[in-house]
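Asks: need coordinates for the following:
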Amino acid sequence: MTTYLRKLVRDLEAPIEARGFGTGWFAGFFALLLAVVGLCFVAALRWPDWMAMPELARILATSGFRVMVHVTLLSAYALALLSLLLRPRKVLGLTALLVALVGTILGGASVQPREMHDWGIFFGVDFFAVNLVATGLMFAPLERIFAHRGEQRLFRTEWREDLFYFLISSMLVQLITFLALAPSSYLNAHGTALADVRAAVGGLPWIVQFALAMLLTDLTQYWFHRTFHRVPFLWGFHAVHHSAKSMDWLAGGRMHFIEIVLLRGVTSLPLLTLGFLPSVMQAYIGLVYVYSSLVHANIRGDFDRLGKWIVVPRFHHWHHALEAEGVDKNFAIHFPWLDRLFGTHYFPKGKWPQGYGVPEAVPSGYLAQMRYPFVRKAD
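Replies: Below you'll find the predicted structure:
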């Protein structure tokens, strides 16, 4: 089994000359992607109490969703067979075929829900699939067409770790949300003094609420982010995020579990306690998911003028730079002028950092990185 997985990884990480059109690599890659997505959707339909998010239940219940699952699995089969025909190495197409077959055996698009013990917990495999498809299909092509570092491949160094972070944060969405919303839930239950403020904010025009939500969360996150850089123990958690040696859309998902919970708990406070409309909060959360991938993406463009007002990839890349001039700079997520206001702005015209990461030796592997803040020796 281990040998097979190594062969699969080698095929995914094949050099550029071995993955051109006509080699079967693209067919195998997209077959595997669609097969995994199809399997996740089938699992969510078969075990909705455990594998599906309640927020997506209405979508899963539609007939159109089952049609999409059917098309997804059929497309995975077709592309897997094409890869097997074209590619000398069969492991990529064979893996996609096997994953799609598992999805079909579990019931495919016609699967019916199975009764499970109601433990009140779920794992968001449907959220993982939707999130992966939405962000991956959005940014992976952009990074190929408008790449800042053209030599950087889709399956670059440490891609497996970052994909696993992406999976864990999606699968544990219920636990993360429960822990993150605890502070705001407490304030809403006991903060009757904010009733007038909530009424005033709720009465503002939608677009004004959205802009205010961006400003308040960015201001909150600026100081949260800066604190994690300045306090040695907290830096141990944030160093995991900065340990990525390559920048792309997937690198933004590398965050320590505890930092995710604390970050979401702190940044959700203004949204959930000051009376913003639910549609404003939902729109902002959707924006954050896309924006986080964008600012980490391997996309070229200096954007010197635009970067003065909103965060662009080059601005945030300097936050991850190894160069001394970029260290402890650019903490804002949306508005760079917050860094100018508080003296942490660095955005040299037309210049990009040469390297990314941290000088300290953050270990490789998810479990080792989860332990790292607790065993790290503070400077």
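
Asks: list the contacts of residue 11.
Replies: Taking CB atoms under 8 Å, 6 or more residues apart in numbering as the contact definition, residue 11 lies against 25, 28, 89, 91-92. Placement of C-beta: from N, CA and C, glycine included.

Asks: quick one: pLDDT of it?
Replies: For residue 11, the model assigns a pLDDT of 81.

Asks: do the same with residue 378
Replies: 63.

Asks: same check, this time on residue 121
Replies: The per-residue pLDDT reported for residue 121 equals 46.

Asks: now the residue nearest the centre of the chain, nearest residue through space, not along the chain?
Replies: Compute the mean C-alpha point of the chain, and by CA atoms, centre = their mean the closest residue is residue 253, 4.2 Å away. The shortest distance from residue 253 to any residue other than its chain neighbours is 4.2 Å, reached at residue 166 (CB to CB, 6 or more residues apart in numbering).

Asks: is it true that the one you found touches residue 131?
Replies: Yes. Contact between residue 166 and residue 131 holds when scored by CB atoms under 8 Å: they sit 7.5 Å apart.

Asks: okay, now the closest residue to residue 199 other than its chain neighbours: neighbour count?
Replies: Leaving aside its chain neighbours, residue 199 sits nearest to residue 275 (6.5 Å; criterion: CB to CB, 6+ apart). As a burial measure, the neighbour count of residue 275 was computed by other CB atoms under 10 Å and equals 19.

Asks: got a list of what residue 275 touches?
Replies: Remark: with contacts taken as CB under 8 Å, 6+ apart, residue 275 is in contact with 194, 197-202.

Asks: buried subset of the residues you listed as a ChimeraX selection?
Replies: Burial among the contacts of residue 275 is assessed by 16 or more other CB atoms under 10 Å; the matching ChimeraX selection reads:
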select :201
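
Asks: closest to residue 352 out of the contacts of residue 275?
Replies: For these, the residue nearest residue 352 by CB to CB is residue 201; the value is 39.4 Å.

Asks: how about residue 72: what's its closest non-neighbour residue?
Replies: The shortest distance from residue 72 to any residue that is not its chain neighbour, by CB to CB, 6+ apart, is 4.2 Å, and that residue is residue 38.

Asks: related to what we said a few turns ago, any idea which of the contacts of residue 11 has the most stuff around it?
Replies: The most crowded member of these, judged by other CB under 10 Å, is residue 28 (31 neighbours).

Asks: and it, what helix or strand is that in?
Replies: helix 25-46 (DSSP states H and E).

Asks: check which residues of the helix or strand that that helix is followed by are buried.
Replies: Downstream of helix 25-46, the first helix or strand assigned by DSSP H and E is helix 48-51. Using 16+ other CB under 10 Å as the test for burial, helix 48-51 gives 48-51.

Asks: so where's the stretch 101-250 of the chain shaky on pLDDT?
Replies: Low-confidence segments of the stretch 101-250 of the chain, defined by pLDDT under 70: 114-127, 130, 171-178, 180-181, 186-193.

Asks: quick one, helices of it?
Replies: Secondary structure of the stretch 101-250 of the chain by DSSP state H, counting those that start in this stretch: the helices cover 125-145, 159-171, 173-180, 182-190, 195-202, 206-230, 232-242.

Asks: so which of these is nearest residue 286?
Replies: Nearest of the helices of the stretch 101-250 of the chain to residue 286, taken as CB to CB: helix 125-145 at 9.5 Å.

Asks: can you list contacts of the closest one?
Replies: 33, 36-37, 40-41, 43-44, 51-53, 56, 60, 152, 154, 166-167, 170-171, 173, 248-249, 289-290, 293-294, 297-299.

Asks: same check on stretch 284-298?
Replies: Outside stretch 284-298, the residues within contact range by CB under 8 Å, 6+ apart are 131, 135, 138-139, 142-143, 147-149, 152, 210, 213-214, 217, 246-252, 271, 311-313, 315-316, 320, 333-334.

Asks: name only those of those that count as buried.
Replies: Buried residues within the contacts of stretch 284-298, counting neighbours by 16+ other CB under 10 Å: 131, 135, 139, 142-143, 147-148, 210, 213-214, 217, 246-252, 271, 311-313, 315-316, 320, 333-334.
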